[in-house]
Structure formats: structure tokens, C-alpha cells
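Q: Just need the structure, nothing else, for what follows:
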Amino acid sequence: MNPFDVKQLPDWETGFESRLTAKSRMPYKEYTGPLEKATKDKSQYRLLRLPNNIVVICVSDPGSKTAAAALTVGVGSHADPDDVLGLAHLLEHMLFMVSIIQNEQL
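A: Here you go, the predicted structure:
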């Protein structure tokens, strides 16, 4: 399975096992089936599904000295309510502003 195309799963339950986080005991599911990656790729991958159905791909690269995070949301301006046009664009800018403010505080 390609870890970046979760739609390849037959359904959301296939290949996922229920887990609990260590400290808060929050439930989540982890994909335990095979993941497809390049033979020279030394990274380790984990595919998780949170209780709110958000899919998380965790990538660990042992050769990297930096960390990063990314978020993809499958909605945009086409999902704006008729009475709040531009909401998606506003929220996009708010996400960037939060990341800029947090980076300046580091």
C-alpha cells in the first residue's frame, strides 16, 4: 500500500488495529499492513487514524536533524457557507500566522 494514498484501503477498518496513547489513554487506530516505499528509503512510516477520522502519516528519517509537520485539509472555498464566503481563505491565513508567531517565539 502507498502510505500517501489512504483511499487505496478497501475500508477504514481493514489493516488497522485499535491502540491507546501511553499517557492520556486516547484511542486511535494504527495501520499494521504492508506499506509500499522505495528500496533505498531508510525512513520509517506509521499510518494512524484518529477518532475524528483524521489520517496521520508519521515519518521518521534517522538521517535528518530537523523536524517538520504538515496538514492537508480536503476542503476549500467550494465548502464555504453561502453567508460566509472567504472563510476557507481566512482560516488558511490564520494557520500561517500561527506558525509565523510560533517560529518567532522560538
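
Q: In three-state terms, label the residue in the chain sticking out farthest from the centre for me.
A: Computed with C-alpha atoms, centre = their mean, the residue of the chain farthest from its C-alpha average is Asp83, at 29.6 Å. Taking DSSP: H, G, I helix; E, B strand; the rest coil as the rule, one finds Asp83 in the coil state.

Q: Distance-wise, check it relative to Gly76.
A: 17 Å (C-beta to C-beta, to the nearest Å). Where C-beta positions appear, they are placed from N, C-alpha and C, glycine not excepted.

Q: next one: Tyr31
A: Counting by C-beta to C-beta - Tyr31 and Gly76 are separated by 27 Å.

Q: More neighbours: which of these two?
A: Tyr31 (21 against 11; other C-beta atoms under 10 Å).

Q: Touching, that one and Arg19? I think so.
A: No. If you go by C-beta atoms under 8 Å, Tyr31 and Arg19 don't touch, sitting 10.7 Å apart.

Q: Do me a favour and get the end-to-end distance for stretch 33-45?
A: 11 Å (C-alpha to C-alpha, to the nearest Å).

Q: could you give me the average pLDDT of that stretch?
A: For stretch 33-45, the mean per-residue pLDDT is 88.

Q: same question, stretch 68-79
A: Rounded mean pLDDT across stretch 68-79 is 77.

Q: all strands for this structure, in order.
A: Taking DSSP state E as the criterion, the chain carries its strands at 16-20, 27-31, 44-49, 55-60.

Q: Show the contacting residues for the spatially most central residue of the chain.
A: Closest to where the C-alpha atoms of the chain average out (C-alpha atoms, centre = their mean) is Val56, at 3.2 Å. Applying C-beta atoms under 8 Å, 6 or more residues apart in numbering to Val56 gives the contacts 46-50.
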